[in-house]
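A.B. asks: model this:
(chains A and B)
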Number of protein chains: 2
Amino acid sequence: MPVSSPYPLVTIAQALQTILAHCPPLAGETVPLTAALNRVLAADILAPMPMPPFPAAAKDGYAVIAADPSRRRRLIGEQMAGHMADVRVEPGTVVRITTGAAIPPGADAVLMVEYTTEQDGWVAIETTVAPGTDIRPVGQDIAAGERILSCGTVLGPAEIGLLAAVGQATVPVYRRPRVAILSTGDELREPGEPLGPGQIYDANRFSLAAAVALAGGLPHPLGIAVDTPEALQAFLAEALADHDVLLTSGGVSMGRLDLLKPILESRGTVHFGRVLMKPGKPVTFATLEGRPVFALPGFPVSALVAFELFVRPALRHMQGDHAWQRPRVPVTLAHDLHHDPERVEYQRARVVLEGDRFVATTTGPQGSGRLLSLVGANALLELPPGNGFLPAGATVTALLLHPPATATASVL
Amino acid sequence: MPVSSPYPLVTIAQALQTILAHCPPLAGETVPLTAALNRVLAADILAPMPMPPFPAAAKDGYAVIAADPSRRRRLIGEQMAGHMADVRVEPGTVVRITTGAAIPPGADAVLMVEYTTEQDGWVAIETTVAPGTDIRPVGQDIAAGERILSCGTVLGPAEIGLLAAVGQATVPVYRRPRVAILSTGDELREPGEPLGPGQIYDANRFSLAAAVALAGGLPHPLGIAVDTPEALQAFLAEALADHDVLLTSGGVSMGRLDLLKPILESRGTVHFGRVLMKPGKPVTFATLEGRPVFALPGFPVSALVAFELFVRPALRHMQGDHAWQRPRVPVTLAHDLHHDPERVEYQRARVVLEGDRFVATTTGPQGSGRLLSLVGANALLELPPGNGFLPAGATVTALLLHPPATATASVL
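C.D. replies: Numbers count the residues shown, from 1 in each chain, chains lettered A, B, ... in the order given. Modelled structure (predicted):
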């Protein structure tokens, strides 16, 4: 009898829905602000204080009474940022002030230094100002109690600066998933070691570890498992002991040595074992003791494409990121393109902004072992089933892996 | 006499040209592949071996002679990936083979397992194959000696996988710049400590450290310098001792306590001290003992915008990245917008893909102290001088800080 897979083909949407249901956000933890870059907020942040916390000078100059008619006024003191002079501005007087310093009592405006002349303790005023000029009132930027950041926000430089500005030395974030990474296959050797006949270097452990790190996970490469049930069982035990996610590559197609699926079946639940896509069809998703296991195909391109489609969304979702999907944009094909007529095919492409539209060029032969097809690619073209041919100029959807390239614009 | 800056206003293009001339790529270093993520290649990489290194099965099945007319053939052995069976395929025989295994001598095609029936040591063949079918010939993906990666390439998961695949355990990359970060100002306190009157928390050291890390630099926050020449001189000595770049914030506008520029003048060369832009006008660039020093304004938004425009390009350039600029894309304004009529203004905005065009909405009041204007922003609108008003629907240029947001497309 012909050998055939016992696993029904599921759609990408079905696969993703199943995965997300089994990959809820992890618990929160508190980290110092200096370790918060790229983490995802696990709570709303309310400002514990207004910003600025006191009426502050927006410019260097003189704190004045706006309605004071005097053209020459006596300099009675200096208010520097971070210091509080014991002085009060009265009609006929000014206080020298620096940007960010608290407005001294009595004053209701700041006169920029450019509009004044100071000599021998007197300041000549060459203009008039409205009350409030160049004063940043209490709470102008942020009111006390205002929600300044929402749960689920990814923390970048601005968000971290904002947290520091309101005095937060630590921040609640979702825990990063610990991801065990295992390559399987008797043919695999470590880079740097000599190759024997029929052997190749393990690429997936390295590429997947990098992909996990970029997705915010903590990659823990476990090594290479040889093709025996005992070796796989041992690695599985190690992986489950101390990780949130297990990621394997190889051992999921239909050869005699594809041992992984039966082991996953025996120890947990295999939710799907084939997906209607190319490359990546044999991608398998299971849960063991409540922990998600992604068994990716062994071909390096298949493994990375399946990672993009399924593992990265899972890792972002586990970190509480609302934007767990890559942006999808319409792109124009620069050339004719043949694709799989029956499965959604993901072709690697370089997307460049030309004028006001995105133009996509594929990265050469799309063989699933050809890692060169991913080098320089900033997008995956998402090609739905059809007649297998798309002409130059057709519009298709692209998942953006990196921002689109643009011609280096001349800076203004 | 009115106080005025001794520094001429330079354009952004002039400023950037000056900076890049003083920030050449750093030396190369060799790192393990596991530490190569996001680093920039410092040399071309030639494949030391072909890929695949031997003729390999592309599918699970049987190694056969394509021209063999026999419908039933004897199974004479098994060639598994990573193993070399001592067997030769002759007419009337087949060898079972798994994906990735070396094609045994004699065979010139692989017949997929799906088209066969195996029973009692014999295999029934239900189809014919052309010679070469499902064999990946030596060098199909990569020829020996082929340039697989170019100097200046940023290493992502695919590039790292490719290096592993050709056996490279280490990789030559440009050194990451060590960046000393200093905040200046008597008014600054550490987050987590209580604030006194007239004091605020230091935000820039945290936001700039995060921005440096995102740009690939190694941030080393030095602390807060009080407003005395002695304190600044001491920090400067520490910074120059062991860093490639010094980044300060505060102390560059025109107040009495803006001490930094004179110190930079006395110890090195100030190349420019004002730029025709908003925010960020007082941004200053100097070299001390050959090392670049960026003195950024103290307002948190001004500091981050100036970082984006000047420091990030410098740090990418020092790392040998050809793509040292952010992508610039045309965007459509969602609303009317007022801007500075005389200086290029950078307004923070959220850019969303609607249909096939980018639509930009600014992030509220654009005050240079209002860090909230950067929260959620994925772009800086680059608004050239003009009449100070742009209507809804106008097209302007945006620097993309993050990929554009898109409506969450329904997955296929």
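A.B. asks: who touches A:Leu276 in this structure?
C.D. replies: Going by C-beta atoms under 8 Å, 6 or more residues apart in numbering or on different chains, A:Leu276 touches A:9-12, A:342-344. Using the backbone N, CA and C atoms, a C-beta is placed for each residue, glycine as well.
A.B. asks: which non-adjacent residue is nearest it?
C.D. replies: Distance criterion C-beta to C-beta, 6 or more residues apart in numbering or on different chains; nearest residue to A:Leu276, sequence neighbours excluded, is A:Leu9 at 4.7 Å.
A.B. asks: And for A:Gly156?
C.D. replies: Spatially, and ignoring its direct neighbours in sequence, A:Gly156 is nearest to B:Ala210 (6.7 Å; C-beta to C-beta, 6+ apart).
A.B. asks: try A:Gly386
C.D. replies: A:Pro341 (6.2 Å).
A.B. asks: likewise A:Arg71?
C.D. replies: Using C-beta to C-beta, 6+ apart and skipping the chain neighbours, the partner closest in space to A:Arg71 is A:Ile125 (5.6 Å).
A.B. asks: How about A:Leu188?
C.D. replies: A:Asp202 (4.1 Å).
A.B. asks: pLDDT averaged over the longest helix along chain A, what's the number?
C.D. replies: Taking DSSP state H as the criterion, chain A has its longest helix at helix A:229-242. For helix A:229-242, the mean per-residue pLDDT is 90.
A.B. asks: chain center to the next helix or strand after that helix: distance?
C.D. replies: Per DSSP states H and E, the first helix or strand lying C-terminal to helix A:229-242 is strand A:245-249. From the chain centre to the centre of strand A:245-249 is a distance of 21 Å (C-alpha atoms, centre = their mean, to the nearest Å).
A.B. asks: Quick one: name the residues of the stretch 201-350 of chain A near chain B.
C.D. replies: Neighbours of chain B within the stretch 201-350 of chain A, by C-beta under 8 Å from any C-beta of the partner chain: A:201-211, A:213-214, A:221, A:227, A:253-258, A:298, A:300, A:304, A:307, A:323, A:325-330, A:344.
A.B. asks: hang on, the earlier thing: got the contact list for the residue nearest to A:Gly156?
C.D. replies: Residues counted as contacts of B:Ala210 (C-beta under 8 Å, 6+ apart) are A:36-37, A:155-157, A:160-161, B:219.
A.B. asks: Tell me how many other residues crowd A:Glu114.
C.D. replies: Neighbours of A:Glu114 under the rule other C-beta atoms under 10 Å in any protein chain shown: 15.
A.B. asks: State the pLDDT value of it.
C.D. replies: pLDDT recorded at A:Glu114 is 87.
A.B. asks: what do you get for A:Gly92?
C.D. replies: For A:Gly92, the pLDDT comes out at 97.
A.B. asks: For chain B, see how far away it is.
C.D. replies: Distance of A:Gly92 to chain B, computed by C-beta to the nearest C-beta, to the nearest Å: 21 Å.
A.B. asks: What segments of chain A are helices?
C.D. replies: Under the criterion DSSP H, chain A contains helices at A:12-21, A:157-165, A:204-214, A:229-242, A:260-267, A:300-306, A:312-318.
A.B. asks: can these go into JSON lines with extra columns for distance to A:Thr184?
C.D. replies: Listed next are the helices of chain A as JSON lines, based on distance: least, C-beta to C-beta, whole Å:
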{"stretch": "helix A:12-21", "distance to A:Thr184": "21"}
{"stretch": "helix A:157-165", "distance to A:Thr184": "40"}
{"stretch": "helix A:204-214", "distance to A:Thr184": "9"}
{"stretch": "helix A:229-242", "distance to A:Thr184": "7"}
{"stretch": "helix A:260-267", "distance to A:Thr184": "7"}
{"stretch": "helix A:300-306", "distance to A:Thr184": "11"}
{"stretch": "helix A:312-318", "distance to A:Thr184": "20"}
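A.B. asks: Name the stretch among these that sits most buried.
C.D. replies: Neighbour counts (mean count of other C-beta atoms under 10 Å in any protein chain shown) averaged over each of the helices of chain A peak at helix A:300-306, with a mean of 29.
A.B. asks: Residues contacting that helix, please?
C.D. replies: Under the criterion C-beta under 8 Å, 6+ apart, residues A:203-204, A:207-208, A:211, A:249, A:279-280, A:283, A:294, A:296-297, A:346, A:348, A:366-371, A:373-374, A:380, B:157-158, B:161, B:165 lie in contact with helix A:300-306.
A.B. asks: mind running it again at 6 Å?
C.D. replies: With C-beta atoms under 6 Å, 6 or more residues apart in numbering or on different chains as the test, helix A:300-306 has contacts from A:203-204, A:207, A:249, A:279-280, A:283, A:296-297, A:346, A:368, A:371, B:161.
A.B. asks: Please identify which of the residues you listed is nearest to B:Pro53.
C.D. replies: A:Ala203 (12.8 Å; C-beta to C-beta).
A.B. asks: Confirm for me that that closest one is in contact with B:Leu163.
C.D. replies: No. With contact defined as C-beta atoms under 6 Å, A:Ala203 does not count as touching B:Leu163 (8.3 Å).
A.B. asks: Low-confidence stretches in the stretch 1-150 of chain A?
C.D. replies: A:1-4 (pLDDT under 70).
A.B. asks: And for the one residue in it that gets nearest to chain B, the neighbour number?
C.D. replies: Chain B sits closest to A:Gly82 of the stretch 1-150 of chain A, with a gap of 3.1 Å, by C-beta to the nearest C-beta. Using other C-beta under 10 Å, A:Gly82 has 22 other residues around it.
A.B. asks: Let me see the contact set for A:Ala231.
C.D. replies: The contact partners of A:Ala231, by C-beta under 6 Å, 6+ apart, come to A:Ala225.
A.B. asks: now stretch A:117-126, how far from the centre of its chain.
C.D. replies: The answer for stretch A:117-126 is 54 Å, by C-alpha atoms, centre = their mean.
A.B. asks: tell me which parts of the stretch 1-150 of chain A are close to chain B?
C.D. replies: Selection of the stretch 1-150 of chain A residues close to chain B by C-beta under 6 Å from any C-beta of the partner chain yields A:2-3, A:12-13, A:16, A:33, A:37, A:60, A:80-82, A:84, A:98-100, A:102, A:113-114, A:141.
A.B. asks: circling back: any idea how far the residue nearest to A:Arg71 lies from A:Arg73?
C.D. replies: Distance, A:Ile125 to A:Arg73, using C-beta to C-beta, to the nearest Å: 7 Å.
A.B. asks: follow-up on the earlier one: wait, the residue of the stretch 1-150 of chain A closest to chain B sits on B:Glu187?
C.D. replies: Yes. Between A:Gly82 and B:Glu187 there is a contact under C-beta under 6 Å: 3.1 Å.
A.B. asks: okay, and the common contacts of the two?
C.D. replies: B:Gln199.
A.B. asks: Rounded mean pLDDT for the strand of greatest length in chain A, please.
C.D. replies: Looking across chain A with DSSP state E, the single longest strand is strand A:344-354. Averaging pLDDT along strand A:344-354 gives 94.
A.B. asks: May I have the strands that pair with that strand, each with its orientation?
C.D. replies: Strand A:344-354 has the following strand partners under DSSP bridges: strand A:277-278 (parallel), strand A:357-362 (antiparallel), strand A:379-383 (antiparallel), strand A:405-406 (parallel).
A.B. asks: Contacts only, for A:Val95.
C.D. replies: Counting by C-beta under 6 Å, 6+ apart, A:Val95 has contacts A:63, A:77, A:79, A:87, A:89, A:104.
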